[in-house]
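Colleague: Make a model of this:
(2 chains)
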Amino acid sequence: MEQKDAGMSASEETSISTNGRRFHERVVCGYLYVVSKHGFPPMVEDTVFHLHEMAHAGFSSVEVEANRPSQMAWIYRNRKLIKQALVKLKLQVPYFCAILPGLSSPHSSERKENLNTFEKACETAKLFGSKGIFDNAPLPPYQFPGDIPIVRHFSDEILMSGSIPEGLEWPRYWDAMIGTYRDACDIAAGHGLTFQMHPALGVLASTTDGFLHFHDAVGRDNLRFNIDTANQFMMRDNLTLSLIRVKDYLDYIHLSDNRGHRIEHLLPGQGSIHWGSFFDTLERIGFKGEIGVDIGGAESEIGNLEEAYRRAAGRLEQLLKLVP
Amino acid sequence: MEAMMDNTEKFSSRIVCAYLYVITQYGYPPPAAETIKHLKQMADLGFTAVELEGIRREHLTEMASRVGDILKAAGDLGLQIPVFCTVLPGLSSPEASERDESLELFRRGCETAAILGAECVLDNAPLPPWRFPGDVPVSRHYGEEVVREATLPKGLIWRDYWRELVATYAEGCDIASSFGLTYHMHPALGVLASTAEGYELLANAVDRPNLRFNLDTANQFALHDSLPLALHRLADQIDYIHLSDNGGKRIEHLELGKGVIPWDTFFAAVEEVGFGGRFGLDIGGDESAVENLDQAYLRSARWVQERISA
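Modeller: Next up, the predicted model:
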């Protein structure tokens, strides 16, 4: 289907090669590249090595990520060292990811502690020259049967068995959580940063409707939606409609394909997303932001990861008319 | 089609036989002229409360024109009709004339609902102004592939469209209120307000106290919307729940217990939020593999009856 894949097909015979040239800075190497190579969460102490890997893959823009306060503490202590590596490798970090699920904790002390970490993350992002700070949208205070390990994505089965803690009053929780995200937006704004919300299965603001509702409640201009094509497609959130509805709050897109049945982040063309209408709509709304290649993870069968990233990035450059 | 059953047991009026029971047997929309036969079938199964629908102009107008006979038959059969569904997708049209025309039909639907003694009118939440590739027929649910391929008309300015849509639904609420009715939004694949969060966005914009969310277990489960969370978030805006099971992979409305919805967690949340409203059994449709429709409704009704009596 020509319209469906808009030339994003993974089966194209022509291999994309950069011939030593770096990809355009609007095409970002998502941190999922590192996660896919080294497991989740990757060793934060290897961050400089990961930067070398992403530069070697041909990228000039990359995501850097700190998962939870412990990793953020290491990144903060070593931020100048990382900055030196970024300069040496001529890498930009348009979005620094600080994954802090404690921001939506029902416990005020945990939210406060995570806000302190968030402040350090913003300071780090500013040093890296980032435009925004990035996190998963808030995780509700689910209570699961048994112990649930730290994971990138909760499975459907686990999520649907999640209940709300006894005694939790939703309106009170919501107001407190919104207050925390308002504070976070203000902290980010103080560093000249946007705050990007990443939609994923099980989080609040996991869809366009959810984000718009959340945005209305937080009421801060620098709160932004990071459209994630695979996650939203899997949740049956129409991507064309999403682009049109959130265009005023959209600077950064995570791009990967999905077949619509489960969480997976495939090379565009391997799934069922209708790329033709997606890129037509991107043009229609005049999108000028960055697109992060977000392929891989243990949930996705990719094969040659480096080749998948190179191929996706090269095709993106063409579709966004970033190369002659 | 299986023979009608003459069941002597009677279910609580909190357990409603949804109109999907009729649609599954007689198509979409089913013949309005046979409504009394449909009522008798539902009463024979043991239901004491049922849904009826008026589906778009022709069907709704015919139901309205027969309201006297329907009311009498329901009375004779000992049936309540707490929910009358007014299915009018034109309310969310981008064309003002179509919205106005749909509002007039909606008024007729509310009038009919009030005569029937209904507590509420119910409709699918607003359908965006999709443009589908090729001809797409009128249907209860649009297929996943169809919704995925849908685009929006060129030149549509979303802000303007949304403002007009919200004003139309506010007017719809006011009309319903003038008849003493609440107005329930039914979540489904492809509509705006297809999840709890989507409903909250719409409800905040419409800002009318009689707007309600008709939680639909199967549809929301298929969209990965947490049911306990939806109950907690919208506790004060839910009076009526559509119950059916779902396998989590696609839209389908199965007999309770035939899918993978964790019902213990769900009913624990129902109890926690103190839900005192009605449950509509909403099983069937051509998207669902339900072998024996009557038995599926009977078994599910008994199961719910046990749960709410416990």
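Colleague: quick one: secondary structure of residue A:122?
Modeller: Assigned by DSSP: H, G, I helix; E, B strand; the rest coil, the conformation of residue A:122 is helix.
Colleague: how many neighbours does it have?
Modeller: Close neighbours of residue A:122, defined as other CB atoms under 10 Å in any protein chain shown, add up to 24. To be clear about C-beta, it is placed using only N, CA and C from the backbone, and glycine gets the same treatment.
Colleague: Please verify my assumption that residue B:17 contacts residue B:296.
Modeller: No. Using CB atoms under 8 Å, residue B:17 makes no contact with residue B:296, being 11.5 Å away.
Colleague: Please give me every residue in contact with residue A:67.
Modeller: A:41, A:44, A:99 (CB atoms under 8 Å, 6 or more residues apart in numbering or on different chains).
Colleague: Can you tell me which of those has the most neighbours?
Modeller: Busiest of the contacts of residue A:67 [other CB under 10 Å] is residue A:99, holding 22 neighbours.
Colleague: Once you drop chain neighbours, what's closest to it?
Modeller: With CB to CB, 6 or more residues apart in numbering or on different chains as the criterion, residue A:99 has its nearest non-adjacent residue at 4.6 Å, and that residue is residue A:67.
Colleague: For the residue most central in space within chain A, which residues are in contact?
Modeller: A centroid search over chain A (CA atoms, centre = their mean) returns residue A:198, at 5.2 Å, as the residue closest to the centre. Neighbour list for residue A:198: A:134, A:135, A:136, A:137, A:226, A:228, A:254 [criterion: CB under 8 Å, 6+ apart].
Colleague: for these, which one is nearest residue B:244?
Modeller: residue A:137 (28.9 Å; CB to CB).
Colleague: Phi and psi next, for the closest one.
Modeller: Note on residue A:137: its backbone torsions stand at phi -60, psi 160 [degrees, to the nearest 10].
Colleague: Next, count neighbours for it.
Modeller: Neighbour tally, residue A:137, other CB under 10 Å: 22.
Colleague: now residue B:71
Modeller: That count, for residue B:71 with other CB under 10 Å as the rule, works out to 16.
Colleague: picking up where we left off before, mind giving me the ChimeraX select for the contacts of residue A:198, buried ones only?
Modeller: To isolate the buried ones among the contacts of residue A:198 in ChimeraX, judged by 16 or more other CB atoms under 10 Å in any protein chain shown, type:
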select /A:134,135,136,137,226,228,254
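Colleague: The stretch 201-310 of chain B: strands as residue ranges?
Modeller: Taking DSSP state E, counting those that start in this stretch to define them, one finds strands in the stretch 201-310 of chain B at B:211-216, B:240-243, B:278-281.
Colleague: Any chance of the ones you listed in CSV with mean pLDDT as columns?
Modeller: Formatted as CSV, the strands of the stretch 201-310 of chain B follow (pLDDT from 0 to 100):
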stretch, mean pLDDT
strand B:211-216, 98
strand B:240-243, 98
strand B:278-281, 98
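Colleague: Just the terminal-to-terminal distance for stretch B:45-58.
Modeller: By CA to CA, to the nearest Å, the extent of stretch B:45-58 from end to end equals 29 Å.
Colleague: from the middle of its chain, how far away would that stretch be?
Modeller: The chain centre lies 10 Å from the centre of stretch B:45-58; the measure is CA atoms, centre = their mean, to the nearest Å.
Colleague: and the helix-or-strand element of chain B with minimal mean pLDDT, which residues are buried?
Modeller: Across the helices and strands of chain B, the lowest-confidence element by mean pLDDT, DSSP states H and E is helix B:144-149, at a mean of 78. Neighbour-count burial for helix B:144-149 flags B:144, B:146, B:147, B:148, B:149 (criterion: 16+ other CB under 10 Å).
Colleague: Could you pull out the strands in the stretch 101-250 of chain A for me?
Modeller: In the stretch 101-250 of chain A, the strands defined using DSSP E, counting those that start in this stretch lie at A:132-136, A:194-198, A:223-225, A:227-228.
Colleague: Output those as a markdown table; include the columns distance to residue A:264.
Modeller: Formatted as a markdown table, the strands of the stretch 101-250 of chain A follow (distance: least, CB to CB, whole Å):
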| stretch | distance to residue A:264 |
| --- | --- |
| strand A:132-136 | 17 |
| strand A:194-198 | 16 |
| strand A:223-225 | 21 |
| strand A:227-228 | 12 |
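Colleague: Distance to residue B:290 and mean pLDDT added to the ones you listed, as JSON lines?
Modeller: Output for the strands of the stretch 101-250 of chain A, formatted as JSON lines (distance: least, CB to CB, whole Å; pLDDT from 0 to 100):
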{"stretch": "strand A:132-136", "distance to residue B:290": "38", "mean pLDDT": "97"}
{"stretch": "strand A:194-198", "distance to residue B:290": "39", "mean pLDDT": "98"}
{"stretch": "strand A:223-225", "distance to residue B:290": "39", "mean pLDDT": "98"}
{"stretch": "strand A:227-228", "distance to residue B:290": "35", "mean pLDDT": "98"}
